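Asker: after the sequence you'll find the predicted model.
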Amino acid sequence: MNGWITILLLVISNVFMTFAWYGHLKLQQMNVISSSTPLIIVILISWGIALLEYLFMIPANRMGFHENGGPFSLMQLKVIQEAVTLVIFTIFTIFFFRSETLHWNHFAAFVCLILAVYFVFMDK
């Protein structure tokens, strides 16, 4: 069960991370903030959102790590996190940045990442 909870926490964490890293671009498109908004303000807003990311990411890694009783090695946790990040980012991009389109090379990259997950879980 820790494995599924870990993955759920990673998903939630990555939603906040994606908004922290890229949400200000959408806010700029929506004229909530402007391109003349001081960078320090944008950074502080992003840090505030990123704090929420850490509230989920740290427990996910701590709970999921095998030395703490979790099911995953450190490498497995990282590859899972990267796969989750790509999925969340893709969904975010499709729904919030409709000008961005997916192409065949993006799908090829997704397949490579899925293969990375497969290889990291292979027996030695």
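Answerer: Structure received. If you're wondering where the values come from, they're calculated on a predicted model, not measured in any experiment.

Asker: please compute how far the strand or helix carrying I12 lies from its chain's middle.
Answerer: Element membership for I12 (DSSP states H and E) is helix 2-29. Chain-centre distance of helix 2-29: 5 Å, with C-alpha atoms, centre = their mean, to the nearest Å.

Asker: tell me the buried residues in it?
Answerer: Across helix 2-29, burial judged by 16 or more other C-beta atoms under 10 Å covers 2, 6-7, 9-24, 27. The way it works is simple: take the backbone N, C-alpha and C, and place the C-beta from them, glycine included.

Asker: can you check stretch 61-77 too?
Answerer: 61, 63-65, 70, 72, 76-77.

Asker: and for stretch 28-39?
Answerer: I33.

Asker: chain center to it, what's the gap?
Answerer: The answer for stretch 28-39 is 23 Å, by C-alpha atoms, centre = their mean.

Asker: straight-line length of it, end to end?
Answerer: From its first residue to its last, stretch 28-39 covers 12 Å (C-alpha to C-alpha, to the nearest Å).

Asker: and stretch 64-71, by the same measure?
Answerer: First residue to last in stretch 64-71 (C-alpha to C-alpha) measures 6 Å.

Asker: which residues of this protein fall in helices?
Answerer: Taking DSSP state H as the criterion, the chain carries its helices at 2-29, 39-64, 74-96, 104-121.
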